[in-house]
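1. just coords:
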């Protein structure tokens, strides 16, 4: 599909139905002040001033997809517990459907509790389970995925290594997507890194690339990054790759083109959730048929924007529109 302007691309996002598959969680925040040390142990005493709970993990990708105007279909497995009930309530508040959510009495719902004081991250307490789904849950989940996928234009895997995704589920979904001619985009983690063979877009960050290949990579060296992605291509046979390199920008790679874009100068507040924004923008732009250089720079821009906000937040579409319209690199690659 040919587009005459960046605005047309962003407007076309509204026509997409995007399946987001992966580990979901509640990101819980406890905010307070520290004025003394506990007499019971040498630890700070936090006087709580505010509490906040947000959708996290793959659910934050769904929020990014929604913020960009598309229709997300979030698919995951949560516990049949109090936190699971609260997770579904958070979905409802955000006008996200729970049709793709499977509740299991064999799992607990993942919750990440963060204690914050004066913008400082003091402590994180995680409640989670990381084992793979039971055979029964896997069977039910795959059936749900296949029934919902028929009406989708794109599948995004958002893997947090919490057990919702495994080799057989990944293979079945990618095979089914190929039958339906639906592109698949992957934001991987270590455990399933080698299982996403023949996906349309593979988007690891530098740490994940190093761990997945078992080699050290200098992000300042385009040659080293290119060599590593070449080895990755041999392993996974993906169609396109996008590597996020933090302050060193992004590297993109396909059989037709390869290159990198520098990072944009930002006042960094929190990098949490930036990868969720990058995969959302990149996958949706590729689903529209945009060029890989354009896709990677638009995603690079969006990932940088969310780093200016505290905590895990989805992209602000108005800021993305404003900054992308002033970006000459995007205009050149449209």
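-> Yep, it's here. Predicted model, so just to flag it, every value in this text is computed and none were measured.

2. got the residue ranges for the helices in this protein?
-> For the chain, the helices defined by DSSP state H occupy 6-12, 58-67, 82-93, 135-149, 167-179, 206-213, 222-236, 274-287, 292-306, 317-325, 328-333.

3. Of all those, which one is nearest residue 121?
-> helix 274-287 (15.8 Å; C-beta to C-beta). (Glycine included, C-beta is placed from N, CA and C.)

4. Which positions are bridged to residue 254 in the beta structure?
-> residue 240 (DSSP bridges).

5. From what I see, it and residue 239 are in contact.
-> Yes: the pair residue 254 / residue 239 is scored as a contact, 6.6 Å apart, by C-beta atoms under 8 Å.

6. Spit out the residues that contact these two alike.
-> Here residue 254 and residue 239 share no contacting residue, scored by C-beta atoms under 8 Å, 6 or more residues apart in numbering.

7. Give me the phi and psi for residue 130.
-> phi -120, psi 0 (degrees, to the nearest 10).

8. and the gap between it and residue 222?
-> 35 Å (C-beta to C-beta, to the nearest Å).

9. Also residue 39?
-> For residue 39, the distance to residue 222 - C-beta to C-beta - is 56 Å.

10. the more surrounded of the two?
-> Neighbour count, other C-beta atoms under 10 Å: between residue 39 and residue 222, residue 222 has more, with 14 against 7.

11. Can you list the low-confidence ranges for the stretch 51-200 of the chain?
-> Counting by pLDDT under 70, the stretch 51-200 of the chain shows no low-confidence range.

12. How about the contacts made by the residue of the chain most remote from its centre?
-> Distance from the C-alpha centroid of the chain peaks at residue 39, with 41.7 Å (C-alpha atoms, centre = their mean). Applying C-beta under 8 Å, 6+ apart, we find residue 39 in contact with no residue.

13. Which residues are in contact with the nearest residue to residue 60 once chain neighbours are set aside?
-> Excluding the flanking residues, the one nearest residue 60 by C-beta to C-beta, 6 or more residues apart in numbering is residue 276, at 4.5 Å. Counting by C-beta under 8 Å, 6+ apart, residue 276 touches 60, 61, 64, 158, 187, 312, 314.

14. Show the pLDDT at the most centrally placed residue in the chain.
-> By C-alpha atoms, centre = their mean, the chain has its centre lying nearest to residue 276, at 2.7 Å. Per-residue confidence (pLDDT) for residue 276: 93.

15. The nearest residue to residue 300 once chain neighbours are set aside pairs with what?
-> Sequence neighbours aside, residue 250 is the residue nearest to residue 300 in space, at 4.6 Å (criterion: C-beta to C-beta, 6+ apart). On the basis of DSSP bridges, residue 250 takes part in beta bridges with residue 244, residue 261.

16. thought residue 250 was touching residue 258?
-> No: contact between residue 250 and residue 258 fails when scored by C-beta under 8 Å: they sit 11.7 Å apart.

17. what about those two, which has more around it?
-> Set residue 250 next to residue 258 and count neighbours by other C-beta under 10 Å: residue 250 wins out with 26 against 18.

18. Residue 331 reaches residue 6, doesn't it?
-> Yes: contact status for residue 331 versus residue 6: in contact at 7.1 Å, counting by C-beta under 8 Å.

19. more crowded one of the two?
-> residue 6 (20 against 13).

20. Please name the nearest non-neighbouring residue to residue 157.
-> Nearest to residue 157 is residue 186, by C-beta to C-beta, 6+ apart, at 4.6 Å.

21. burial of that neighbour, as a residue count?
-> 28.

22. swap in residue 18?
-> Residue 18: 26 neighbours (other C-beta under 10 Å).

23. So it sits against residue 284, correct?
-> Yes: if you go by C-beta under 8 Å, residue 18 and residue 284 touch, sitting 6.7 Å apart.

24. anything in contact with each of the two?
-> Joint contacts of residue 18 and residue 284 (C-beta under 8 Å, 6+ apart) are 65, 70, 154.

25. excluding its backbone neighbours, what's nearest residue 174?
-> residue 184 (5.4 Å).

26. no, scratch that, I was asking about residue 21
-> Residue 21 sits nearest to residue 75 (C-beta to C-beta, 6+ apart), 4.7 Å away.

27. so who does residue 188 touch?
-> 157, 159, 196, 202, 203, 204, 208, 212.
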